[in-house]
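> just need the structure, nothing else, for what follows:
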Amino acid sequence: MVILFYTKVLKNEIIGPIFESKLGDDLTGGLWGPHLDLITEFWASFTTTDSNYRGNPFAPHMSLGGLSREAFERWLKLFYETLDFIYEPDVAMQLKERSNLMAGNFMRNLRL
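Below is the predicted model:
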């Protein structure tokens with residue numbers, strides 16, 4: 001799910017540049033590896049009993065440039081498309097609800 005999603009992200013004209021500026025434009029590149037591992041652990045904490053994630057998902061967003069309500073809306077759209085492609089509808093809906101709440105909190109905390 002994570003690889004498919006970020007492949008879409010990098011191709012997107014709105015949010016792709018945000019990620020490229022921090023991590024580069026190649027998912028197999030050096031900075032992407034640790035990011036993908038961290039994000040995989042984060043989403044695994046929501047979808048399984050895996051509790052390896054030990055991070056603060058909001059903190060990195062405080063220093064990102066280019067974030068806007070439109071960027072979060074595009075992130076959600078691409079994420080929803082990915083979830084619908086991979087998961088059964090009930091699982092996809094649970095992850096959509098969580099991601100929507102998280103995006104709303106991020107936008108509120110970033111004053112977007």
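> from the chain's centre, how far out does the helix or strand of the chain with the lowest mean pLDDT sit?
Lowest by mean pLDDT, DSSP states H and E among the helices and strands of the chain is helix 32-47, with a mean of 88. Relative to the chain's own centre, helix 32-47 is displaced by 9 Å; criterion: C-alpha atoms, centre = their mean, to the nearest Å.
> which parts of it are buried?
For helix 32-47, the buried set under the neighbour-count rule, 16 or more other C-beta atoms under 10 Å, comprises 32, 35-36, 38-44. (Each C-beta comes from the backbone N, C-alpha and C, glycine too.)
> just stretch 63-79 next, same as before
Buried residues in stretch 63-79, defined by neighbour count with 16+ other C-beta under 10 Å: 67, 71-72, 74-76, 78-79.
> what ranges in the chain fall below the confidence cut-off?
Applying pLDDT under 70 to the chain flags residues 50.
> who does the top helix by length along the chain touch, helix- and strand-wise?
In the chain, taking DSSP state H as the definition, the longest helix is helix 89-109. Contacts defined by 3 or more C-beta pairs under 8 Å, 6 or more residues apart in numbering; DSSP states H and E place helix 89-109 against helix 32-47, helix 69-86.
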